[in-house]
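# whatever this is, show me its structure:
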Amino acid sequence: MTKFARKCSVTNQGMNKGWVINDGIDYVSKEEDAIAICSDAGYSSMEEAFEDEFIYYTEWTDKEDYQYKLINGELIEIEE
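Okay, here's the model as predicted:
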């Protein structure tokens, strides 16, 4: 069983690294999607969005961060 910390808001796939958008309102695993979201929000670059604290990149490595598990190809939220 594979576990993931977050679910990508664009692809709906599990992710353990990627971009956090707007304090966790969205999570994005692919850079091109992060660039598009920043552009749609009115930023001229990801750097500008980062400086404004709209976006940042992270990698989740702590097992306590896992919120999803992949079972038979389906991403399931982990119940506590």
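
# could you say which helix or strand contains Thr58?
For Thr58, the enclosing helix or strand under DSSP states H and E is strand 55-59.

# gap between the following helix or strand past that strand and the chain center?
Past strand 55-59, further along toward the C-terminus, the next helix or strand under DSSP H and E is strand 68-71. On the basis of C-alpha atoms, centre = their mean, to the nearest Å, strand 68-71 sits 16 Å off its chain's mean C-alpha point.

# same check on stretch 67-80?
Relative to its parent chain, stretch 67-80 has a centroid offset of 16 Å by C-alpha atoms, centre = their mean.

# quick one: the helices in this protein?
For the chain, helices defined by DSSP state H occupy the ranges 31-40, 46-51.

# so which of those helices gets nearest Asn72?
Among the helices of the chain, the nearest to Asn72 by C-beta to C-beta is helix 31-40 (26.1 Å). C-beta coordinates here come from the backbone N, C-alpha and C atoms, glycine included.

# coming back round to it: mind checking which of the helices of the chain is nearest Glu77?
helix 31-40 (21.5 Å).

# residues touching that closest one, excluding its own?
8, 10-11, 18-19, 21, 26, 28, 45-46, 48-49, 54-55 (C-beta atoms under 8 Å, 6 or more residues apart in numbering).

# buried ones in it, by neighbour count?
Across helix 31-40, burial judged by 16 or more other C-beta atoms under 10 Å covers Asp33, Ala34, Ile35, Ile37, Cys38.

# what's the pLDDT at the residue minimising distance to the centre of the chain?
Taking C-alpha atoms, centre = their mean, the centroid of the chain lies closest to Tyr27, which sits 2.5 Å from it. You'll see Tyr27 listed with a pLDDT of 98.

# so how far is Asp33 from it?
Distance of Tyr27 to Asp33, computed by C-beta to C-beta, to the nearest Å: 10 Å.
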